[in-house]
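**Student:** can you look at this prediction? I've put the sequence above it.
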Amino acid sequence: MSQQQSKQREQSRSGTPRGGAVWALVITSVAGFMAALDNLVVTTALPSIRKDLGGALDDLEWTVSAYTLTFAVLMFGAALGDRFGRRRLFLVGLTVFTGASAAAAMAPGIDSLIAARAVQGVGAAIMMPLTLTLLTAAVPAAKRGMAFGIWGAVNGLAVASGPLIGGSLTEHISWHWIFWLNVPLGLAVLPLARLRLAESYGTGAPLDVTGTLLASGGLFGIVYGLVRGPADGWTSSYVLTGLFAGGALLVAFVVHGTRAKNPMLPMRLFRSRAFAGINAASLLMFLGMFGSIFLLSQYMQGVLGYSPTEAGLRMLPWTGMPMLVAPIAGILSDRIGGRPVVATGLFLQAAGLGYLAFVVTADASYAIQLPGLIISGIGMALYFAPAANLVMSGVRPSEQGIASGANNALREVGGALGIAVMGSIFAAQGGYESGQTFVDGLRPALVVGSGVVALAGVAALLIPAARRPAPDSEGQAPVLETAVAH
């Protein structure tokens, strides 16, 4: 431990000799792009994967959720990097992610594809948190705002372009290339990271193995029960065991977070209304958004007959809108505070999903769907811009790393739960037999998605309003009345 601390002091004195801030920004942005892209790149490829490898609805759900779930509950990259070296663990995570991408591309069946996706999530869980810590260590404090902005824009581009990239590769080459794409990127970044990133260490806080196991087991049990419920029956012993055991493990995780010395998610953070409100909103927002995109991308291809590329392009008014609206949302949040901007965005996204639920039919034109997609996209953009600042403003500066990791994990959990919940609603009311049966399942799922995102808007309203700066602190950013009880 003392040796690591001396290494860190030596590194702090020598700066970043291996390549500086620009190389760090390039390397971490490319790695973040790869991890963020794999959240949505697979959605427009699902019909082709189902046709090629077979599988039922629950198999398609696991193709997406295996990645998001392991990504969410194994967000231990920052803690491991602090102890064993951030660059070293970043290289490990990137290697695992790249290798698993190749395995997914070569998967001979749906089960091996799901397994490879789960391993991809493990690699992303190690790699992704370290992109920010490595960037923070490499960039001078005065320039971090700009660096984080570029890093965030690249990640936003990955989310926006995911369905389009996935659709284009699937249509013009094959679905395998949505995973092969990561391999040359990973192989290019690995030597650059080894040569151009400086090693650094953190406090060496112990890894919360107990908390990780409780969270992983609990979430897996609940998602398994929700995914298998429509196929096996909600009274099936496996389904009931998954749901009840998962719920019990999550309760144990909460208790552990209140009593453990160094928990992965300290429950005392939720005493802050700001932190609790924005995290509840994030969980619910991703639940409604991911579940809707999962079904709508299949609807556009399987029911309306669009090609994968055409479906990806038609999703851009939703997924790509944050690239246009986010700067405006940032200006608004600086002027009137983040709470009203986030809440407005969530209510707009709820309205967009409700509109889509009303207009989808077996032969709906794209023109009639477009207003719902645009409204949802504007809403998502208004949420994304101020959300990170609200998360960081709700905790002490020393706890911002934990807070950021927790918020990212809850978003991924929301995505996995959204696919499971809305997939179950779809399966209970409809199916793949015809365009009409698909619409019969899609409509109630979108209604539930709209309601869940509206609840996210209500949660955002619970965030305390920003205080105006005092006259002697002009020029400082507004702060939240967090009322944190420690």
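**Tutor:** Okay, I see it. Numbering: from 1, shown residues only.
**Student:** what's the burial count for Val209?
**Tutor:** Using other CB atoms under 10 Å, Val209 is surrounded by 10 other residues. Using the backbone N, CA and C atoms, a C-beta is placed for each residue, glycine as well.
**Student:** for it, give its distance to Asp440.
**Tutor:** 46 Å (CB to CB, to the nearest Å).
**Student:** host element of the nearest residue to Ala280 once chain neighbours are set aside?
**Tutor:** Distances taken as CB to CB, 6 or more residues apart in numbering place Ala459 nearest to Ala280, at 4.0 Å, with adjacent residues excluded. Element membership for Ala459, per DSSP states H and E: helix 435-461.
**Student:** which one is the spatially most central residue of the chain nearest to, not counting chain neighbours?
**Tutor:** The centre of the chain sits closest to Glu412, judged by CA atoms, centre = their mean, with a distance of 4.2 Å. Excluding the flanking residues, the one nearest Glu412 by CB to CB, 6+ apart is Ala72, at 3.3 Å.
**Student:** count of residues packed around the one you found?
**Tutor:** 26.
**Student:** output the below-cut-off pLDDT ranges for the stretch 1-150 of the chain.
**Tutor:** Scanning the stretch 1-150 of the chain with the threshold set as pLDDT under 70 gives 1-19, 55, 75-79, 141-142, 144-146, 148-149.
**Student:** would you map the helices across it?
**Tutor:** Listed in chain order, the helices of the stretch 1-150 of the chain (DSSP state H, counting those that start in this stretch) span 2-14, 20-40, 46-53, 57-73, 77-84, 86-105, 110-138, 144-172.
**Student:** out of those helices, which gets nearest to Ile374?
**Tutor:** Of all the helices of the stretch 1-150 of the chain, helix 144-172 sits nearest to Ile374, with 13.9 Å by CB to CB.
**Student:** contacts made by the host helix or strand of Val255 with the rest, please.
**Tutor:** Per DSSP H and E: Val255 is located in helix 237-259. Around helix 237-259, the neighbours that count as contacts under CB atoms under 8 Å, 6 or more residues apart in numbering are 210-211, 214-215, 217-226, 228-229, 232-234, 263-268.
**Student:** what's the angle from the helix or strand following that helix to helix 46-53?
**Tutor:** The helix or strand immediately downstream of helix 237-259 is helix 273-298, counting by DSSP H and E. Here the directions of helix 273-298 and helix 46-53 differ by 60 degrees (axes from the mean of the first three to the mean of the last three CA atoms, to 10 degrees).
**Student:** next secondary structure after helix 273-298?
**Tutor:** helix 308-319.
**Student:** show me which of the contacts of helix 237-259 are buried.
**Tutor:** Among the contacts of helix 237-259, those classed as buried by 16 or more other CB atoms under 10 Å are 211, 214-215, 217-226, 228-229, 232, 263-266.
**Student:** narrow the residues you listed to those in helices?
**Tutor:** Counting by DSSP state H, the buried ones among the contacts of helix 237-259 place 211, 214-215, 217-226, 228-229, 232 in helices.
**Student:** what is the most widely separated pair among those?
**Tutor:** Maximum distance among those (CB to CB): 29.9 Å, for Gly211 and Asp232.
**Student:** quick revisit: give me the helices and strands touching the helix holding Ala459, please.
**Tutor:** helix 273-298, helix 338-359, helix 400-429 (3 or more CB pairs under 8 Å, 6 or more residues apart in numbering; DSSP states H and E).
**Student:** how about it: buried residues?
**Tutor:** By neighbour count on 16+ other CB under 10 Å, the buried set for helix 435-461 is 435, 438-450, 452-457, 459-460.
**Student:** picking up where we left off before, and the helices of the stretch 1-150 of the chain, which is most packed in?
**Tutor:** helix 57-73 (a mean of 25; mean count of other CB atoms under 10 Å).
**Student:** give me the distance from it to the chain's centre.
**Tutor:** In this view, helix 57-73 has its centroid 12 Å away from the chain centroid, taken as CA atoms, centre = their mean, to the nearest Å.
**Student:** stretch 348-364 too?
**Tutor:** 24 Å.
**Student:** any residues touching that stretch, and which ones?
**Tutor:** 285, 288-289, 292, 296, 299, 303-304, 318, 368-369, 371-380, 382-383, 434-436, 438-439, 442-444, 446-447, 449-451, 453-454, 456-457.
**Student:** what sits against Leu80?
**Tutor:** Applying CB under 8 Å, 6+ apart to Leu80 gives the contacts Leu89, Ile126, Leu207.
**Student:** let me know the closest of those residues to Arg50.
**Tutor:** Set against Arg50, the nearest of the contacts of Leu80 by CB to CB is Ile126 (30.1 Å).
**Student:** mind checking how far the closest one is from Gln120?
**Tutor:** Distance, Ile126 to Gln120, by CB to CB: 11 Å.
**Student:** which residues touch Gly415?
**Tutor:** Per CB under 8 Å, 6+ apart, neighbours of Gly415: Asn39, Val64, Ser65, Thr68, Ala72, Phe286, Leu287, Met289, Phe290.
**Student:** against Leu353, how distant is Gly430?
**Tutor:** Separation of Gly430 from Leu353 (CB to CB): 17 Å.
**Student:** who's more crowded, the two?
**Tutor:** Leu353 (30 against 20).
**Student:** picking up where we left off before, and the helix holding Ala459, average pLDDT?
**Tutor:** Helix 435-461 shows a mean pLDDT of 91.
**Student:** what angle do it and helix 400-429 make?
**Tutor:** Using the same axes, to 10 degrees: helix 435-461 against helix 400-429 is 150 degrees.
**Student:** quick one: distance of the helix or strand harbouring Leu373 to the chain centre.
**Tutor:** Using DSSP H and E, Leu373 maps to helix 366-393. Mean C-alpha position of helix 366-393 versus that of the full chain (CA atoms, centre = their mean) differs by 15 Å.
**Student:** which helices and strands does that helix pack with?
**Tutor:** Judged by 3+ CB pairs under 8 Å, 6+ apart, helix 366-393 is in contact with helix 273-298, helix 308-319, helix 321-336, helix 338-359, helix 400-429, strand 479-480.
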